[in-house]
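>>> give the three-dimensional model of this entry:
(chains A and B)
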Amino acid sequence: MAAVPEGDKSGATMADRGTLERIVFLEGELLDGKRYEEWLDLYTDDAIYWVPAMPGQKSPENHVSLFYDDKHTMLARVTRLRHPEIHAQLPASRTCRIITNVAVEDAAGNAESLDVTSSHMIVEYRPGSEQRIFAGRCRHTLRRDGGRWRIARKRFDLINCDSAFAALTVPL
Amino acid sequence: MNAYSPSDLKALVEEERIHRKAFVDPDIFQMEMERIFHRSWVYVGHVSQVPQPGDFFSTRIGRQPVLMVRHTDNSVRVLYNRCAHRGARVVNEECGNAKRFQCMYHGWVYRTDGTLAGLPMQADESVDGFDFSNPDLGMRPVAQVDQIHGFVFANISPDGPGLLDYIGEARHAMDEFVAAAPDGEVELAGGCHRYEYKGNWKHQLENLTDTYHVIATHASTVDPDGKQFKRRSGTDGAEARFYDDKKQPVILDIGVSVYPHGHSSTESMFPEAQTGGIWEEYRRILAEKRGPERADELLKQKIHNLTIFPTFDLLVVQNAIRVIYPIAVDRTEVRIYPIRMKGAPEAVFREQVQYVNLTHSASSFVQTDDLEAFDRIQVGLATEAQDWVLATRGRKRERFDNRGVGHGNKTTEIGLRYLHRHWLEMMCAE
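Residues are numbered from 1 along each chain as shown, chains lettered A, B, ... in the order given. Just a heads-up that it's a prediction; the model follows:
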C-alpha cells in the first residue's frame, strides 16, 4: 500500500489507495486471463484507453496513436476478439505482465478522481511467433462511479511506441 | 553476375500466375533492389515534412539511406546519407533542422545541398589541392528528383521517363484528391503508423489492389447487421456492407483500374456523397472555392486508393498515404502518414487521424488480419511441391482503353496481373 504523502489534501483514505492499486493489478490479471468483458466493466462509460505512438505525445487528436479507444471502440475490439474468424488470434496470444513501482497521485486535487502511475512489463507469446516484450509507464485516472472506483482513463507510454510493430491484436 | 537470366525471369511470371521464387528467393530480392528500386521513381517524402531551409527527413530508397532536405535556396534535395570520407551515415536523426551536416566520425561538414563545406585540420598538407566542389567529396545527390502535389519522388537512375510520364494517367486520381483540399494543397501531419511483417514486400503491394480478400480476411470486422465499423462520422459513416439482409455475402463490385508502369487504383466502397456533421462545413468551404456541383463531386470519393508502383499508395478514403519499405526478402516495414487537406475544417483532419488508428495502425481492426495473411503467405510459399500463386480472377472480364488503362470489375485480380507484368519488364531490362 502506498504511503500517504506529506501534506496530502485529497481526502482519499489509505483504504482508497489500496483499492486503487488493486484495480491496476486486477486490470492486468483480467487482460492476461483474456477476461475482456470483466476488463471492460472496470472502465467508466466515458472512458478513454490511450497508447500514444510518440514519446511524450501531447494529444491523441492531432497525432496518430497505437490505441485511442473510447468505450464504444473498446467494446468493438472485445467483440472482434471473441469473433471465431479473427485470424490474427488463431492461435491466440498469451501474455504475462509484471506491474510495479505503483504510486498514487492526486492530480485532480480531490478525492473523486486520483491518478495511479505504474511501470509495466508485458511478455507476449503467440505460438508460431517470437516472444515479444512491451515495457512502459502507465497512468490510470480512477474515478468514483456509482459507489466504486473505475478507470476513467488509461495512458500507457511504451518505451518503443514509435517503432514498427508486428500486429498488436490484444490490448496492452 | 545475376542468378537469373532474362529467360529465367520470364519463366517466373505468366499471364495468370506468378512463381513462388519471386517472393522467397533472396537472389530475386537483390535483383529487385538493383533493377526496380534503383531504376524507378520511388517515393521519398512530402515537402511539408521540410518546410524551412535546413529541415531534413531521413529515409531510404530500397536499402540505400537518403536524406530529403530543404536547401537555402528553398529547393528540396535528395542526398545519399553517407559521408564521402569513410562512409558513415551522416545524419542519424529521422528529422530535424541543421545549417550544416557534420559526420560524427572525423567531423567532415556538408552544406544542405550536399557539397563539402569543410573538414577538421583543413590546413594540413594532406588536403592541399582538395577541390571542395568535387561532388565525390560531398554527400552525393540522387540522380533525379521531382515532385507531384508536394510528394517527392526520386530515381537513382538518370535514365527512364520523367516523374509525370511515369505516373501518367494515374495522376488523375491524385489531382482529384488534392482538389478536394479547399486550398488546393495537402500536407503530411499527425506523425505516422509503422507496422512490420515477416513477408515479402509484394504481399502488401498486391493487397492494395486486391478487392477479393476482403470478405474472408476481414470477417471479424463485420457486425451482425452485415456492415463493417464506421470509418468516419456524418450521415453515411462509411460502413462497408459485407452481407445482405439474408446474410448472403454481397459480391462487392469494387472495380480496379490498372495503368502503365504497374500503377493501379480501386474504386471506393463508400462512393456516396458525404453529408452530415463536419462534412457540411467542409462542403460549404469547398463549394466556395470550387462551386457546389464540383464540391459534391470531389467529396464523393470514387477512388478508395491509388497505388504508384513500387511503394506508394494514396489512401483516398482515409486521407493518408501508405509507403512500403522492403527490408529483406521476407521482411517488410510499412508506414501510414495522415494527410491534412489544407483549408478544410481542422475537425476533418482530427477525425481522420483517429479513424486511421482503427483502419491502418498495427493495432487496427483491419490491418492485423492483413498482416496475419502476409506472414502466412511467406510460410506457405516455402512449399516446393507447388510453384505458383494464382491471379486468374476476372481475366476474361478485363478491358483496356486506347490510353493503355485497363479495368476489371467484381473482385478482379487484374491489379496483380499488371503489377507483376511491369515487375517482369523492369527485372528483365539489362
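>>> retrieve the pLDDT associated with B:Asp245.
For B:Asp245, the model assigns a pLDDT of 79.
>>> for B:Asp128, same thing?
Note for B:Asp128: predicted pLDDT of 68.
>>> can you check B:Asp236 too?
With respect to pLDDT, B:Asp236 scores 66.
>>> dig out what A:Ser118 forms beta bridges with.
A:Cys138 (DSSP bridges).
>>> tell me the residues of the stretch 51-200 of chain B that contact chain A?
B:189-198 (CB under 8 Å from any CB of the partner chain). (Glycine included, C-beta is placed from N, CA and C.)
>>> can you put these in JSON lines and add pLDDT and secondary structure?
Supplementary listing: those in JSON lines, determined by pLDDT from 0 to 100; DSSP: H, G, I helix; E, B strand; the rest coil:
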{"residue": "B:Ala189", "pLDDT": "98", "secondary structure": "coil"}
{"residue": "B:Gly190", "pLDDT": "97", "secondary structure": "coil"}
{"residue": "B:Gly191", "pLDDT": "97", "secondary structure": "coil"}
{"residue": "B:Cys192", "pLDDT": "97", "secondary structure": "coil"}
{"residue": "B:His193", "pLDDT": "98", "secondary structure": "strand"}
{"residue": "B:Arg194", "pLDDT": "98", "secondary structure": "strand"}
{"residue": "B:Tyr195", "pLDDT": "98", "secondary structure": "strand"}
{"residue": "B:Glu196", "pLDDT": "98", "secondary structure": "strand"}
{"residue": "B:Tyr197", "pLDDT": "98", "secondary structure": "strand"}
{"residue": "B:Lys198", "pLDDT": "98", "secondary structure": "coil"}
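>>> can you list those in a markdown table and add neighbour count?
Converted to a markdown table, those look like this (neighbours: other CB atoms under 10 Å in any protein chain shown):
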| residue | neighbour count |
| --- | --- |
| B:Ala189 | 18 |
| B:Gly190 | 26 |
| B:Gly191 | 20 |
| B:Cys192 | 23 |
| B:His193 | 27 |
| B:Arg194 | 20 |
| B:Tyr195 | 25 |
| B:Glu196 | 20 |
| B:Tyr197 | 26 |
| B:Lys198 | 18 |
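>>> what would those look like in a markdown table with distance to B:Asp210?
Output for those, formatted as a markdown table (distance: CB to CB, whole Å):
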| residue | distance to B:Asp210 |
| --- | --- |
| B:Ala189 | 29 |
| B:Gly190 | 27 |
| B:Gly191 | 27 |
| B:Cys192 | 23 |
| B:His193 | 20 |
| B:Arg194 | 22 |
| B:Tyr195 | 18 |
| B:Glu196 | 20 |
| B:Tyr197 | 15 |
| B:Lys198 | 19 |
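>>> and the helices in chain B, which stretches?
For chain B, the helices defined by DSSP state H cover B:6-10, B:21-24, B:26-32, B:163-167, B:171-179, B:201-208, B:214-217, B:278-290, B:292-298, B:346-360, B:367-380, B:414-428.
>>> only alpha carbons, please: show the first one as PDB.
If I follow you right, that is helix B:6-10. Backbone C-alpha positions of helix B:6-10 (Å, rounded to 0.1, in the frame of the first residue of the first chain) are rendered in PDB as follows:
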ATOM      1  CA  PRO B   6      16.100 -12.700 -68.600                       C
ATOM      2  CA  SER B   7      14.700 -16.100 -69.800                       C
ATOM      3  CA  ASP B   8      14.800 -17.400 -66.200                       C
ATOM      4  CA  LEU B   9      12.900 -14.300 -65.100                       C
ATOM      5  CA  LYS B  10      10.400 -14.600 -67.900                       C
END
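>>> skipping adjacent residues, who's closest to A:Leu81 in space?
With sequence-adjacent residues excluded and distances taken as CB to CB, 6 or more residues apart in numbering or on different chains, A:Leu81 is closest to A:Tyr36, at 5.9 Å.
>>> any low-confidence regions in chain B?
Counting by pLDDT under 70, chain B shows low-confidence ranges at B:1, B:125-128, B:232, B:234, B:236-237, B:250-252.
>>> nearest residue to the middle of chain A?
A:Lys154 (4.9 Å; CA atoms, centre = their mean).
>>> does it lie in a helix or a strand, and which?
Assigned by DSSP states H and E, A:Lys154 belongs to strand A:148-158.
>>> do that strand and chain B meet at all?
No: judged by CB under 8 Å from any CB, strand A:148-158 makes no contact with chain B; its nearest approach is 11.3 Å.
>>> what does that strand contact?
Applying CB atoms under 8 Å, 6 or more residues apart in numbering or on different chains, the contact partners of strand A:148-158 are A:16, A:19-20, A:23, A:27, A:42-44, A:46-52, A:55-57, A:66, A:113, A:120, A:134-143, A:145, A:172.
>>> tell me which entries of these lie within strands.
Residues of the contacts of strand A:148-158 located in strands (DSSP state E): A:43-44, A:46-52, A:66, A:113, A:120, A:134-143, A:145.
>>> ok, of the residues you listed, which come out buried?
A:43-44, A:47-52, A:66, A:113, A:120, A:134, A:136, A:138-143, A:145 (16 or more other CB atoms under 10 Å in any protein chain shown).
>>> could you measure from the closest residue to B:Ile36 other than its chain neighbours over to chain A?
Nearest residue to B:Ile36 in three dimensions, chain neighbours excluded: B:Met426, at 4.9 Å (CB to CB, 6+ apart). Going from B:Met426 to chain A by CB to the nearest CB, to the nearest Å gives 26 Å.
>>> and whichever residue of the stretch 51-200 of chain B sits closest to chain A, bridged to which residues?
Per CB to the nearest CB, B:Arg194 is where the stretch 51-200 of chain B lies closest to chain A, at 3.8 Å. Note on B:Arg194: beta-bridge partners by DSSP bridges are B:Arg335.
>>> identify the residues contacting B:Pro249.
Applying CB under 8 Å, 6+ apart, the residues near B:Pro249 are B:215, B:242-243.
>>> so which of the residues you listed reach chain A?
Checked against chain A using CB under 8 Å from any CB, the contacts of B:Pro249 yield no neighbours at all.
>>> sorry, back to before: the residue nearest to B:Ile36 reaches B:His38, doesn't it?
No: counting by CB atoms under 8 Å, B:Met426 stays clear of B:His38, with 10.2 Å between them.
>>> for stretch B:192-200, the distance to its chain's centre please.
The chain centre lies 13 Å from the centre of stretch B:192-200; the measure is CA atoms, centre = their mean, to the nearest Å.
>>> ends of it, how far apart?
In stretch B:192-200, first residue to last residue: 21 Å (CA to CA, to the nearest Å).
>>> any residues touching that stretch, and which ones?
Counting by CB under 8 Å, 6+ apart, A:53, A:64, A:162-167, B:23-24, B:29, B:203-204, B:326-327, B:329-338, B:356-357, B:360-362, B:367, B:371, B:374-375, B:377-378 sit against stretch B:192-200.
>>> list buried residues within these.
The buried subset of the contacts of stretch B:192-200 (16+ other CB under 10 Å) comprises A:53, A:64, A:162, A:164-167, B:23-24, B:29, B:203-204, B:326, B:329-338, B:356-357, B:360-362, B:367, B:371, B:374-375, B:377-378.
>>> in its sheet, what does the top strand by length along chain A sit against?
Longest strand in chain A, counting residues (DSSP E): strand A:94-110. When sheet partners are counted by DSSP bridges, strand A:94-110 sits next to strand A:113-125 (antiparallel).
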